[in-house]
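Undergrad: heads up, no residue letters with this:
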Ligand SMILES: N[C@@H](Cc1ccccc1)C(=O)O
């Protein structure tokens, strides 16, 4: 594979742009575009910062294939290893089960001749076909992601060329309908910028070259930011806020949004493009998360001195989400409810802790993320706040949002 840094940046962007992007406009409909922009920038900075903290800490690893849980053990002992492993593995199994279910039902839609077995067959086919690439190698996943990401980009540009000309300046001026919506919406936006599980895989893929890892992360997070801004501008700008809120109250799903855009643009092409785009968003994010889980399990097995082959690792990666999707969907839906919390833990609280310890033990590391202890503290506090937002909404302290 020629330029691995470019490929890694696309793996980051591909993992990031997933289901979250589709949920975001529904979550922020009542918030108005200005506040939406503010939240996008703030969370982009926060999550790029935490990813770069991982890069900083990766300068101190002993093996280039060390996983996040190995880093946690290096700095926080067995407690760190166990907490990191649990939050990573449960998070990834839950999100993969959701992706397998979603991908399966999309596939079943084009295979109706399978009759009553369409759903399970499609779920299995979706997983096996994509799983093969994971089992082959990271290079194979890189190749497939490049291809799919390009098609995804074309579909997205098509959506934008149809929607952006209809944007009206006054729609973008809308203010939040309730106070503190920006806080309520933060977990959905936060998870939308998530990709951190893939850092160990690309660190290994780039042979532990910190400069290239850093470049891949900066490039790979800039792309989603631009995509999210344009997407929010299109959705917030096409509809007056009252209408936008009405749409999502009638059907708070992507389908509702697609139908509404179809009415405004009068074009069938828009529904097709949004559908193609959302399918590919799901697939590229699935590829990124599966690759991450595969490497995370490898890291765990190495720790307990089990040498598993790629096929066995593939089975361990895909069998549980398949089983959940086929036999016990309630299980992963329950786990998914806590996905945001698990991600805030390993994606923000943990890297802050790691960097804090690493800076004490290795004060002269060549690369250091800007900002000192105060920045670490602010990031930690924001992480703790975002982690508690669902409880604050439940307790009635914050307004409810979709997502
Ligand atoms: N950002 C992904 C979700 C995700 C979060 C964290 C890690 C990996 C994936 C999405 O929007 O769907």
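TA: On my side now, so go ahead. What you see is a predicted model; the values in this text were computed from it and never measured.

Undergrad: Can you give me the neighbour number for the closest residue to residue 268 other than its chain neighbours?
TA: Leaving aside its sequence neighbours, residue 268 sits nearest to residue 262 (Cβ to Cβ, 6 or more residues apart in numbering; 7.3 Å). (Glycine included, C-beta is placed from N, CA and C.) Neighbour count of residue 262, defined by other Cβ atoms under 10 Å: 16.

Undergrad: Show me what from the stretch 301-403 of the chain comes close to the ligand.
TA: Within the stretch 301-403 of the chain, the positions near the ligand by Cβ under 6 Å from any ligand atom are residue 343.

Undergrad: Any regions of the stretch 301-403 of the chain where pLDDT drops low?
TA: Judged by pLDDT under 70, the stretch 301-403 of the chain has no weakly predicted residues.

Undergrad: For it, which residue gets nearest to the ligand?
TA: Scanning the stretch 301-403 of the chain for the residue nearest the ligand gives residue 343, at 5.1 Å (criterion: Cβ to the nearest ligand atom).

Undergrad: what sits against that residue?
TA: Shown in contact with residue 343 (Cβ atoms under 8 Å, 6 or more residues apart in numbering): 87, 91, 190, 191, 194, 196.

Undergrad: 7 Å - rerun?
TA: Listed by Cβ atoms under 7 Å, 6 or more residues apart in numbering, the contact set of residue 343 reads 91, 191, 194.

Undergrad: Closest to residue 146 out of the residues you listed?
TA: residue 194 (21.3 Å; Cβ to Cβ).

Undergrad: Now residue 70: closest residue in space that isn't a chain neighbour?
TA: Using Cβ to Cβ, 6+ apart, the closest residue to residue 70 is residue 299 (5.7 Å).

Undergrad: What residues does the chain have near the ligand?
TA: Counting by Cβ under 6 Å from any ligand atom, the chain sits next to the ligand at 15-16, 18-21, 191-192, 194-197, 285, 289, 343.

Undergrad: coming back round to it: give me the subset of the contacts of residue 343 lying in strands.
TA: Among these, no member is found in strands (DSSP state E).

Undergrad: are any of those residues buried, and which?
TA: Neighbour-count burial (16 or more other Cβ atoms under 10 Å) applied to the contacts of residue 343 gives 91, 191, 194.

Undergrad: pLDDT added to the residues you listed, as a markdown table?
TA: Listed next are the buried ones among the contacts of residue 343 as a markdown table, based on pLDDT from 0 to 100:
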| residue | pLDDT |
| --- | --- |
| 91 | 95 |
| 191 | 94 |
| 194 | 97 |
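
Undergrad: Check the residues you listed against the ligand and report the nearest one.
TA: residue 194 (2.5 Å).

Undergrad: thought that closest one was touching residue 345?
TA: No: if you go by Cβ atoms under 7 Å, residue 194 and residue 345 don't touch, sitting 11.9 Å apart.

Undergrad: Can you list the buried residues in stretch 293-313?
TA: Those would be 293, 294, 295, 296, 297, 298, 299, 300, 302, 313, for stretch 293-313 by 16+ other Cβ under 10 Å.

Undergrad: brain fart, stretch 53-73
TA: 53-58, 60-61, 65-73.

Undergrad: for the record, mean pLDDT for that stretch?
TA: Across stretch 53-73, pLDDT averages out at 97.

Undergrad: Need the residues that contact that stretch.
TA: With Cβ under 7 Å, 6+ apart as the criterion, stretch 53-73 contacts 80-81, 83-85, 88, 196, 199-200, 203-204, 207-208, 210, 213-214, 217, 295-296, 299-300, 346, 350-352, 354-355, 358, 362, 365-369.

Undergrad: Off-centre distance for it?
TA: Computed by Cα atoms, centre = their mean, to the nearest Å, the chain-centroid distance of stretch 53-73 equals 21 Å.

Undergrad: end to end, how far does it reach?
TA: 16 Å (Cα to Cα, to the nearest Å).

Undergrad: just stretch 178-196 next, same as before
TA: 32 Å.

Undergrad: for stretch 323-338, same thing?
TA: End residues of stretch 323-338 are separated by 20 Å (Cα to Cα).

Undergrad: Near the residue lying closest to residue 253 once chain neighbours are set aside, how many other residues are there?
TA: Closest residue to residue 253 apart from its sequence neighbours, by Cβ to Cβ, 6+ apart: residue 26 at 7.6 Å. By the criterion of other Cβ under 10 Å, residue 26 has 22 neighbours.

Undergrad: show me the contacts for residue 26.
TA: Here residue 26 is in contact with 248, 252, 257, 402, 403 (Cβ under 7 Å, 6+ apart).

Undergrad: My guess is the residue nearest to residue 268 contacts residue 273. True?
TA: No: at 10.8 Å, residue 262 does not count as touching residue 273 under the criterion of Cβ under 7 Å.
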